[in-house]
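Engineer: the sequence and its predicted three-dimensional model are supplied below.
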Amino acid sequence: MERRKVRIIGVPIDLGADRRGVDMGPSAIRYAGLHERLKTLGWEVEDVGNIDVPIAETREIKDPLLKYLPEISEVNQKLYPLVAQAIKEEVIPLIIGGDHSLGIGSLAGCAASGKQFGVIWFDTHGDYNSMETTSSGNIHGMPLAVANGIGVKELTSIGGAARKIKEENTVIIGARDFDDEERAMIRQSGITVFTMSDIDRLGMEAVVRQGLEIANRGTHGVHISFDLDVLDPSEAPGVGTPVQGGMTYREAHLAMEMVADCRCLLSMDVVEVNPILDAQNKTAELAVGLISSAFGQKIYP
């Protein structure tokens, strides 16, 4: 991580999920002291503000299996060139959301930068659904599949070539809630999955070490996508889709500290902070702490 400049891009999108409120995530994260923490760590911080996102109440759902498809496509079409440009300038883009449908633009931007990159997807869910497998029609459950060329053209074509990631360099960590058809699709892919059971048996250090080795193999760096629902709801109550049995506070920080130690961070998105469901901005403050760990904060430098 030789680059010492980070560019913050806010994506206040809540169109990808049924539960409202994550559109306020970027404001909550900034309010929790993101800029100050990064500056204290020696980073030059540039905040380009928020991408304009349509308001759900002003739009109609045209397809219940792909809710708000035109609007989500529009937002990610705006996001991906910002991510690509930052990487080309040797700046780390930090995308703060917003629901995980923004991952479509994050990964498209990494691909459009021309860099070979790996992906570590910290998430309770696989986000590997498509129109054919979804039970909800919520696009926040589809971004990893879209990045692998699975889905409708309006999404897979964002940023150019249909496939944005390499399966052999893609890792999901913290999974504990897959849909049946989604699980089958991931098993058929070359994506590596570490479930919470794997973390229980092997330990977080071993899982993240293996994940980083896989994501770094033959690449210029790693995109980290961190969905706060990967933590246990007792740690992160303010998330869109909480599921019991997630990571602890220290497990999550250890993972991010290991990301910093590898000096391989190419880009990062942090998603699904929902202030409406939060308690005294606890989840947003946790998000800022985890970002700080990924950018080099240590308990004892």
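Structural biologist: Nice, I can see it. Because the structure is a prediction, the values reported are computed rather than measured. Numbering: from 1, shown residues only.
Engineer: where along this structure do the strands fall?
Structural biologist: 5-11, 44-50, 92-97, 117-122, 170-175, 192-195, 221-227, 265-271 (DSSP state E).
Engineer: now mean neighbour count too, for these, in JSON lines please.
Structural biologist: Heads up, the C-betas are built off the backbone N, CA and C, glycines and all. Output for those, formatted as JSON lines (neighbours: other CB atoms under 10 Å):
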{"stretch": "strand 5-11", "mean neighbour count": "23"}
{"stretch": "strand 44-50", "mean neighbour count": "14"}
{"stretch": "strand 92-97", "mean neighbour count": "27"}
{"stretch": "strand 117-122", "mean neighbour count": "28"}
{"stretch": "strand 170-175", "mean neighbour count": "25"}
{"stretch": "strand 192-195", "mean neighbour count": "19"}
{"stretch": "strand 221-227", "mean neighbour count": "26"}
{"stretch": "strand 265-271", "mean neighbour count": "26"}
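Engineer: now the ones you listed as JSON lines including mean pLDDT and distance to residue 235?
Structural biologist: Output for the strands of the chain, formatted as JSON lines (pLDDT from 0 to 100; distance: least, CB to CB, whole Å):
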{"stretch": "strand 5-11", "mean pLDDT": "98", "distance to residue 235": "23"}
{"stretch": "strand 44-50", "mean pLDDT": "98", "distance to residue 235": "26"}
{"stretch": "strand 92-97", "mean pLDDT": "98", "distance to residue 235": "19"}
{"stretch": "strand 117-122", "mean pLDDT": "98", "distance to residue 235": "13"}
{"stretch": "strand 170-175", "mean pLDDT": "98", "distance to residue 235": "12"}
{"stretch": "strand 192-195", "mean pLDDT": "98", "distance to residue 235": "18"}
{"stretch": "strand 221-227", "mean pLDDT": "98", "distance to residue 235": "13"}
{"stretch": "strand 265-271", "mean pLDDT": "98", "distance to residue 235": "15"}
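Engineer: to residue 83, which of these lies closest?
Structural biologist: Closest to residue 83 of those is strand 92-97 (CB to CB; 4.7 Å).
Engineer: who's in contact with that closest one?
Structural biologist: Contacts to strand 92-97, defined as CB atoms under 8 Å, 6 or more residues apart in numbering, come from residues 1, 3, 5-13, 22, 25-26, 29-30, 34, 79, 82-83, 86-87, 102, 105-106, 109, 265-273, 287, 291.
Engineer: 6 Å instead?
Structural biologist: Here strand 92-97 makes contact (CB atoms under 6 Å, 6 or more residues apart in numbering) with 3, 6-11, 25-26, 29, 83, 86, 106, 267-271.
Engineer: and for stretch 282-301?
Structural biologist: Stretch 282-301 has contacts (CB under 6 Å, 6+ apart) with 28-29, 32-34, 37, 41, 228, 236, 238, 252-253, 256-257, 259-260, 270, 273.
Engineer: run the chain-centre distance for that stretch.
Structural biologist: On the basis of CA atoms, centre = their mean, to the nearest Å, stretch 282-301 is displaced by 16 Å from the centre of the chain it belongs to.
Engineer: export that stretch to PDB, keeping only CA atoms.
Structural biologist: Extracted as PDB, the C-alpha positions of stretch 282-301 are listed here (Å, rounded to 0.1, in the frame of the first residue of the first chain):
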ATOM      1  CA  LYS A 282     -22.600   2.300  16.600                       C
ATOM      2  CA  THR A 283     -22.500   0.500  13.300                       C
ATOM      3  CA  ALA A 284     -21.200   3.600  11.400                       C
ATOM      4  CA  GLU A 285     -18.500   4.100  14.000                       C
ATOM      5  CA  LEU A 286     -17.600   0.400  13.700                       C
ATOM      6  CA  ALA A 287     -17.300   0.900   9.900                       C
ATOM      7  CA  VAL A 288     -14.900   3.800  10.400                       C
ATOM      8  CA  GLY A 289     -12.800   1.700  12.800                       C
ATOM      9  CA  LEU A 290     -12.600  -1.200  10.300                       C
ATOM     10  CA  ILE A 291     -11.700   1.100   7.500                       C
ATOM     11  CA  SER A 292      -9.000   2.600   9.700                       C
ATOM     12  CA  SER A 293      -7.600  -0.900  10.400                       C
ATOM     13  CA  ALA A 294      -7.500  -1.600   6.600                       C
ATOM     14  CA  PHE A 295      -5.600   1.600   6.100                       C
ATOM     15  CA  GLY A 296      -3.000   0.900   8.700                       C
ATOM     16  CA  GLN A 297      -4.200   1.600  12.200                       C
ATOM     17  CA  LYS A 298      -2.600  -0.500  14.800                       C
ATOM     18  CA  ILE A 299      -3.200  -1.200  18.500                       C
ATOM     19  CA  TYR A 300       0.500  -0.900  19.000                       C
ATOM     20  CA  PRO A 301       2.400   0.700  16.100                       C
END
